[in-house]
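> The following comprises the amino acid sequence and a computationally predicted model.
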Amino acid sequence: MRSVLCCCVLSTAFATLANGQDAANASPALLRWKLGEGDQLRLKVIQTTKTETKVNDKPTAMSIDTGMEMLWRVDGVEEGGTMRMTQSFTRFMMKTATPDGQTVIHDSLSKEKPSPETQDFARDIGPLLRVRFAVVMSDRGEIADVALTPEAESLLADLPDASKWKSLLTKEGMSRTLRQSLGLLPETPVAVGDAWSNNHELDSPVGKIRLANSYTYESTISRDGKSFEKLAVVTRVEPQNETKPLEGPAIPIPREYGGVFYFDTVAGRLVHSRITQTTVSKVPYRDMTIQVTASSSILMNVTPVNGN
């Protein structure tokens, strides 16, 4: 019996090793987006932020889920693979869980009359469903340009500054969300274990910041009968000048965060991505210390429309 068990264990180990060697010895793959004119994709993005405040070792927590569903329509593809798309919005949603245990859900698809807690949400969302962006993306998934249509600029200008959606739906906000969620494919063919990188700068409330992204081709995985390429990213946050002082409590800046991307080489598109980060800040207050831990994640799922 023991010999049979040993044989089974060894067989499994050799099979696992062989699969790993097969992946490592596979020919380098060229990872590229391959969309055609008229193709449509549905992008669902959910950002979850959880904040725990601890005073004298007594924690209180709250969470906010912010979601949106977008439609990409490919208007044209240039000879080098660059895609020009129209991006529209089909759904906005928000879920808030307060420290006292109350949960409030907002959903633009809801047929129910807005409650007092959701009136502002309903007021802001109606116009946003008419917002359109023109998106230009290379076949490596690099966002070259994001532009608001004149109508969209007018709609956002009329939105109250306090709206939670205003900063997200600016040119800069949408560019940042797409770049973070889509990642960047390597310039040349890669095999498992290969790495590549890119940098880009952005303006933040505390000054200019450079994001240094380091990508790794981790493995090929199988799910539901399909194969996907798993890519990982680690992003270092590098301030580029002396940070600006801000009024009120200091805002912690994450020094590093990471994520994973799953790419379908047959379909020529991203399938899923997840980016996560955590910051911890401690603020002295009288004879105590207040510790605030904020963790956030951005999930993106990409699915075809009408089977394209």
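Right, received. Where do you want to start? Numbering: from 1, shown residues only.

> Write down the beta-bridge partners of Pro239, one by one.
Ile209 (DSSP bridges).

> cool, Arg274 as well?
As for beta bridges, Arg274 partners with Val260, Leu299 under DSSP bridges.

> now the strands for the stretch 1-150 of the chain?
40-55, 58-77, 83-97, 103-107, 132-137, 143-148 (DSSP state E, counting those that start in this stretch).

> Asp120 is nearest to which of the ones you listed?
strand 103-107 (9.1 Å; Cβ to Cβ). Yep, even glycine has a C-beta here, placed from its N, CA and C like the rest.

> Sheet partners, orientation included, of that closest one?
Looking at strand 103-107 with DSSP bridges, its partner strands are strand 83-97 (antiparallel).

> Pull the distance from the strand it pairs with to the chain's centre.
13 Å (Cα atoms, centre = their mean, to the nearest Å).

> Check which residues of that strand are buried.
Applying a neighbour-count criterion of 16 or more other Cβ atoms under 10 Å, one finds Met83, Arg84, Met85, Gln87, Phe89, Arg91, Phe92, Met93, Met94, Lys95, Ala97 buried in strand 83-97.

> Take the residues you listed and write them to a markdown table, including distance to Ala144 and pLDDT.
Shown next, in a markdown table, are the buried residues of strand 83-97 (distance: Cβ to Cβ, whole Å; pLDDT from 0 to 100):
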| residue | distance to Ala144 | pLDDT |
| --- | --- | --- |
| Met83 | 10 | 98 |
| Arg84 | 10 | 98 |
| Met85 | 11 | 98 |
| Gln87 | 14 | 97 |
| Phe89 | 21 | 94 |
| Arg91 | 26 | 94 |
| Phe92 | 26 | 92 |
| Met93 | 29 | 91 |
| Met94 | 30 | 88 |
| Lys95 | 33 | 90 |
| Ala97 | 38 | 88 |
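
> ok, those residues vs Ile221, which is closest?
Among the buried residues of strand 83-97, Met83 lies closest to Ile221 (Cβ to Cβ), at 26.0 Å.

> hmm, back to that, now for the buried residues of strand 83-97: which two are most distant?
Checking these with Cβ to Cβ, the most distant pair is Arg84 and Ala97, at 39.9 Å.

> nearest to Ser167, of the strands of the stretch 1-150 of the chain?
Comparison of the strands of the stretch 1-150 of the chain against Ser167 by Cβ to Cβ identifies strand 58-77 as nearest, at 11.5 Å.
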